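Student: Structure for this input, please:
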Amino acid sequence: MSTLRRGLFIGIAAAMCLWAVPAMSAQQDFHLHNDSGKEMKALYVSPTSEDHWGEDILGQDTLAEGGTVEVHFDREETECNWDVKAEFEDGSDLEVHNVNFCEVSEVTITPGGGGE
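Tutor: Residues are numbered from 1 along each chain as shown. Model prediction:
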């Protein structure tokens, strides 16, 4: 998987919110906040164990700067660790790997940080 593009000054901050995790299925749903200063045109979430991105979660929509989207997982899903890729209107993108959505329920895309 590729890393952040050189010159991309957008980071990700994850506000941790621990949930009680049922034994049979995980609780991976999360809120993604776009505080990047840019309009987000695509959002991909893929299990860390996969080598390819799934479909764009936003579809035909975009996520405005300051906007929030709720991401829901199938209740049959048991994977906790996921990779996230955000693409922006200006052509830049951001990839963050190995986010534990069984523990994280809020993700904020922000300018000026690292992002791993």
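
Student: The residue nearest the centre of the chain: what's it in contact with?
Tutor: For the chain, the residue nearest the mean C-alpha position is V84 (3.8 Å; Cα atoms, centre = their mean). Taking Cβ atoms under 8 Å, 6 or more residues apart in numbering as the contact definition, V84 lies against 12, 32, 43-45, 94-96, 99, 107. From N, CA and C alone the C-beta is placed, and that goes for glycine too.

Student: Run through who's touching stretch 62-73.
Tutor: Around stretch 62-73, the neighbours that count as contacts under Cβ under 8 Å, 6+ apart are 26, 28-41, 43, 45, 57-58, 89, 101.

Student: cutoff 10 Å now
Tutor: 25-43, 45, 57-58, 61, 79, 82, 84, 86, 88-89, 101, 106-109 (Cβ atoms under 10 Å, 6 or more residues apart in numbering).

Student: related to what we said a few turns ago, in what element of secondary structure is the residue nearest to the centre of the chain found?
Tutor: strand 81-88 (DSSP states H and E).

Student: buried residues in that strand?
Tutor: Buried residues in strand 81-88, counting neighbours by 16 or more other Cβ atoms under 10 Å, are found at 82-88.

Student: Return the distance of stretch 85-100 from the chain's centre.
Tutor: Counting by Cα atoms, centre = their mean, to the nearest Å, stretch 85-100 is centred 7 Å from the centre of its parent chain.

Student: I meant to write stretch 52-60 there.
Tutor: Distance, centroid of stretch 52-60 to centroid of chain: 11 Å (Cα atoms, centre = their mean).

Student: After the worst-scoring helix or strand of the chain on mean pLDDT, which helix or strand is next? Please name it.
Tutor: Sorting the helices and strands of the chain by mean pLDDT, DSSP states H and E puts strand 10-16 at the bottom, at a mean of 35. Downstream of strand 10-16, the first helix or strand assigned by DSSP H and E is strand 30-34.

Student: still on that earlier bit, what remains of the contacts of stretch 62-73 if I keep only buried residues?
Tutor: Listed as buried from the contacts of stretch 62-73 are 26-28, 30, 32-34, 36, 38, 40-43, 45, 57-58, 82, 84, 86, 88, 101, 107-109; burial here means 16+ other Cβ under 10 Å.
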